[in-house]
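Visitor: this one's structure only:
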């Protein structure tokens, strides 16, 4: 292998690792719901996620109103910005039209 090919492969591998760790995580969102949101909401994560379809969750997140919608569903909830992407991934994964059911 040439030196240039080795550098290109290393850069591609590095980029793959960085992009994976920077993305949100469904399981992390589930844990955040269980620890930070369930007591405020008073119901399971499955009930929270099924309040909307996947398309509706996408529109809400795209409009930048995910935290507001979560507060409407769970009165008194103030979702920190650092949790929004993970909780969104959780809600999107287990939305009413997804066919998936979380274990929380």
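Guide: Yes, it's here. Treat the numbers as computed from the prediction; the structure is a model and nothing was measured. Residues are numbered from 1 along each chain as shown.
Visitor: what number of residues lie near residue 57?
Guide: Counted with other C-beta atoms under 10 Å, residues neighbouring residue 57 total 25. Every C-beta, even on glycine, is put in place using the N, C-alpha and C of the backbone.
Visitor: model confidence for the residue nearest to the spatial centre of the chain, exactly?
Guide: With distances taken as C-alpha atoms, centre = their mean, residue 89 lies nearest the centre of the chain, 2.3 Å away. We have a pLDDT of 96 for residue 89.
Visitor: likewise for residue 98?
Guide: 88.
Visitor: residue 5 now?
Guide: 71.
Visitor: so which strand or helix has it?
Guide: In the assignment (DSSP states H and E), residue 5 maps to helix 3-22.
Visitor: now residue 99
Guide: Per DSSP H and E, there is no helix or strand for residue 99.
Visitor: which stretches in the chain count as strands?
Guide: Read by DSSP state E, the chain holds no strands at all.
Visitor: which residues of it fall in helices?
Guide: Shown for the chain, the helices assigned by DSSP state H span residues 3-22, 26-32, 38-41, 45-49, 54-62, 66-73, 81-93.
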